[in-house]
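A.B. asks: what follows is a predicted structure for the sequence shown.
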Amino acid sequence: MTRTLASAPPAAAPRGRVIAIASGKGGVGKTWFSITLAHALARAGQRTLLVDGDLGLANVDVQLGLNPLHDLSGVLTGKLPLEKAILPQPGGFGILPGRSGSGALASLDGHALDHVAALMPRAAQGRDAVVLDLGAGLDAAVRRLAASADTLLIVATEEPTSLTDAYAALKLHDRDRPGGDARIVVNQAQDINSGRRTYEALARAASVFLKRDVPLAGIIRRDPKVRDAIRHQTPLLTRHPHCQAAADVELIANGL
């Protein structure tokens, strides 16, 4: 018997892009950028979810002064449906918090990490974008989640240690996901020309040693308004929506 249109199963909601944010080293503004990018995507009309995927030291909630009742660990243990753990934000995006300061998720085994990675496309179902804030460093959890994302944005500054670690993150991603979509974000640049020089140093290393071209996602100029927003635990695009760094992040969001 021919199945009628009325009895056909509903089509699955389209899946948005999972964008992972990595840095190689801490202190380069990775979590701040993840928050601001998610907010910028939401302001551009994208249905966006920010996931705190720093499994060792989650701190999105700390940066925003939040005290969530639920977090990622509840979803992973099956105690809570995904949507129940999401904290809506005034900026129009949602947050799936990690567990701040507990370190409870830092020692997940391979099977559990696969479970976290599988959660991301499910979270992207019916949304336009999921921004996944990864932990600093290059451990197994960071690499597994970075490889599972559709796009990896690697945040770097002009400091030599940041450049070295950003290149290491790029090299490992190339090994874990050959030909994957990885791009560079230069943060805290003195100006656009300085930021471009930082990017070109990374791009040359990737071209020579990895035999690949790595696009520039964007340059964020150093801006005192960023520190002010962090100090007040308020998103930059809420506290200083027209500042220089805000414009730079919105340009990156538009490019995505």
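C.D. replies: That came through, no problem.

A.B. asks: in the stretch 1-150 of the chain, which spans are strands?
C.D. replies: Remark: strands assigned in the stretch 1-150 of the chain by DSSP state E, counting those that start in this stretch are 17-22, 48-53, 87-88, 94-96, 129-134.

A.B. asks: mean neighbour count added to the ones you listed, as JSON lines?
C.D. replies: The C-beta positions use only the backbone N, C-alpha and C, and glycine is treated the same way. What follows is those, written out as JSON lines (neighbours: other CB atoms under 10 Å):
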{"stretch": "strand 17-22", "mean neighbour count": "25"}
{"stretch": "strand 48-53", "mean neighbour count": "29"}
{"stretch": "strand 87-88", "mean neighbour count": "14"}
{"stretch": "strand 94-96", "mean neighbour count": "24"}
{"stretch": "strand 129-134", "mean neighbour count": "29"}
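
A.B. asks: of those, which approaches residue 216 most closely?
C.D. replies: strand 17-22 (15.4 Å; CB to CB).

A.B. asks: quick one: average pLDDT of that closest one?
C.D. replies: The pLDDT scores in strand 17-22 average 97.

A.B. asks: which helices and strands does it pack with?
C.D. replies: helix 30-43, helix 110-124, strand 129-134, helix 140-148, strand 151-156 (3 or more CB pairs under 8 Å, 6 or more residues apart in numbering; DSSP states H and E).

A.B. asks: neighbouring contacts of the third one?
C.D. replies: Defining contact as CB atoms under 8 Å, 6 or more residues apart in numbering, one finds that strand 129-134 is touched by 16-23, 30-31, 34-35, 37-38, 41, 46-54, 60, 120, 123-124, 142, 145-146, 149, 256.

A.B. asks: one more pass at 6 Å, please.
C.D. replies: 16-22, 31, 34, 37-38, 41, 46, 48-53, 120, 123-124, 142, 145 (CB atoms under 6 Å, 6 or more residues apart in numbering).

A.B. asks: now do stretch 186-204
C.D. replies: Contacts of stretch 186-204 (CB under 6 Å, 6+ apart): 28-29, 155-158, 184, 214, 216, 219-222.

A.B. asks: from these, pick the one nearest residue 177.
C.D. replies: Of the contacts of stretch 186-204, the one sitting nearest to residue 177 (CB to CB) turns out to be residue 214, at 13.3 Å.

A.B. asks: state the helix or strand in which that closest one lies.
C.D. replies: Assigned by DSSP states H and E, residue 214 falls within no helix or strand.
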